Structure formats: structure tokens, C-alpha cells
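*Asks:* Following is a predicted model, sequence given first.
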Amino acid sequence: MSQTERPEFIHLHVHSEFSLKDGLLKMKPLLSQIAAQHMPAVGLTDAGNLFALVKFYESACSRGIKPVLGAEVQVQTGDSPAERLVLLAMNNHGYKNLIHLVSTGFTEAPLRGVLQEDEIFAHSDGLIVLSGGMHGHLWQLAQGADQAALQERIQRWQNCFGDRYYLELTRTARPGEERVNMALLAAASALQVGVVATNDVCFAHQDDFEAHETRVCIHEGRSLDDPRRER
């Protein structure tokens, strides 16, 4: 790859059509677009499942693209509402822990699909954690003024994952993003935590937006013109 072809961005938070609530991306078009943009790797992080994992791995490898295996999961801290974060496998041990955690969320968790912090901490080896970005597990704390509470939660994860825990920043012009980004950057500076930029990809082209919105509405049981729903 020449210097002029070096990518400026590698996606690490991508939803395929197997993210039933919001994803539209089919595997072959996704990987074709990644190849066309000269990205050497891509992370697939479907919501709560690994259904596309084998197809993704084989198809990516056949195109010379490094497949980063992951999942977006729901995590609960005590009795607080469940919020999302991203788990990425960095080696075979992490891959096995990823499978365990996703399976546990649907077979043993008190709330279907929701993991407790301690369960993730107990199976942290070989995993990289991204904080979830928009509506991630730091979202509510970062929207408030209590920087101490935000840093306390970050430190709890940092103590377990060390430099394998990253604060995830998104900039997609949605309400609250910039305020949260500023709070996370301040915490990252204070605690020396790495940050990573993502785009939480659910579709490939602007023209796909309406189809994406329709899928989200079906999942949420809402109509397209419902003023209460987030776009």
C-alpha cells in the first residue's frame, strides 16, 4: 500500500444486517467498500450476537482484510439501566471469552441479553473494551456535571482492563454528543486513558437512511412520524 493509499480511518464499530434492530449492511458489499477505501481492517460488532462471525471472518480473509471480531453488548452497573459497550477479541483467548459473554447474556443473565459488570470483569482476558459511544455505558454520567462519578466508573474498568479500555468518541451531529465528548476527553486526560473515534455504522450510503429508520421503527414498535423517537 502506498503512502497516498493509507487510510485515514478504520471502522471498529460496525453493525451488519444481523444486528436485527438497526443494521442493513450485507457482508459482501460491506467488505467490497472497505477494500475500495484501502482499509486494511474492520471490526464487526453486531448487537448482542455473533451470527455473522464465520461469514465475516472467511470473507474478510479472502480479500486480504484483517477481521476484528467483536460484539456490542448491554452492561448493567448494579440496578442502573443497561447501557451498551463494545467488546473486541484481540486473540484466541479473547475470542473464547467473547463467545462466553454473548452466550451468557442470553442463557444465564437475569435480564435477557444484559451482562453485569462483574461477569465481564471475570472474563476480561484477551478482550479490548470500547466504552460504547452514543448511549454507551458512560453516556449518562458524561452528560451530567459529576466528573468525579464519571472518573470513578472509568477507573473501575481501567483497573480491570488497563490499556485495553478505551473511551469511544463519536461525532455524528446528534444531540448531546459534543458535551459527552468534552467530558470524556477531560476524563481521558486526567486518567491517562486512550480514546478511539468510531462512527457506529449501520448502513453504507446516505440513501439508505430511510430504510434504516424503518428497520429501527419496526424493532421499537413505533411509527416513522412518531415525534418521541430519536432519529
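*Replies:* Noted; the coordinates are in hand.
*Asks:* and Val54, that one's in a strand?
*Replies:* No - under DSSP: H, G, I helix; E, B strand; the rest coil, Val54 falls outside any strand and is assigned helix.
*Asks:* measure it to Pro67 for me?
*Replies:* Taking Cβ to Cβ, to the nearest Å as the measure, Val54 falls 10 Å from Pro67. Every residue, glycine included, has its C-beta placed from N, CA and C.
*Asks:* Of the two, give the one with the bigger neighbour count.
*Replies:* Higher neighbour count among Val54 and Pro67: Pro67, with 19 against 9, using other Cβ atoms under 10 Å.
*Asks:* Secondary structure element holding the residue lying closest to the more buried one once chain neighbours are set aside?
*Replies:* Excluding the flanking residues, the one nearest Pro67 by Cβ to Cβ, 6 or more residues apart in numbering is Ala60, at 3.8 Å. Taking DSSP states H and E as the criterion, Ala60 maps to helix 53-62.
*Asks:* Same check on Leu87?
*Replies:* Taking DSSP H and E as the criterion, Leu87 maps to strand 83-89.
*Asks:* so what secondary structure elements neighbour that strand?
*Replies:* Under the contact criterion of 3 or more Cβ pairs under 8 Å, 6 or more residues apart in numbering; DSSP states H and E, strand 83-89 touches strand 66-76, helix 92-107, strand 127-130.
*Asks:* neighbours around Thr172, how many?
*Replies:* Counted with other Cβ under 10 Å, Thr172 comes out at 10.
*Asks:* do the same with Gln116
*Replies:* Neighbours of Gln116 (other Cβ under 10 Å): 18.
*Asks:* what kind of secondary structure is Leu167 in?
*Replies:* strand.
*Asks:* Report the beta-bridge partners for it.
*Replies:* For Leu167, the beta-bridge partners under DSSP bridges are Val195.
*Asks:* distance of Gln158 from His137?
*Replies:* Separation of Gln158 from His137 (Cβ to Cβ): 13 Å.
*Asks:* out of these two, which sits in the busier spot?
*Replies:* His137 (25 against 19).
*Asks:* so what's the more buried one up against?
*Replies:* Val75, Thr77, Glu83, Arg84, Leu85, Ser131, Arg153 (Cβ atoms under 8 Å, 6 or more residues apart in numbering).
*Asks:* For those, give me TSV that also has distance to Ala145 and pLDDT.
*Replies:* Formatted as TSV, the contacts of His137 follow (distance: Cβ to Cβ, whole Å; pLDDT from 0 to 100):
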residue	distance to Ala145	pLDDT
Val75	23	95
Thr77	19	83
Glu83	19	94
Arg84	23	93
Leu85	23	95
Ser131	19	96
Arg153	15	95
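*Asks:* Distance to Thr45 and neighbour count added to those, as TSV?
*Replies:* Formatted as TSV, these follow (distance: Cβ to Cβ, whole Å; neighbours: other Cβ atoms under 10 Å):
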residue	distance to Thr45	neighbour count
Val75	14	23
Thr77	20	15
Glu83	15	19
Arg84	10	22
Leu85	10	24
Ser131	13	26
Arg153	21	17
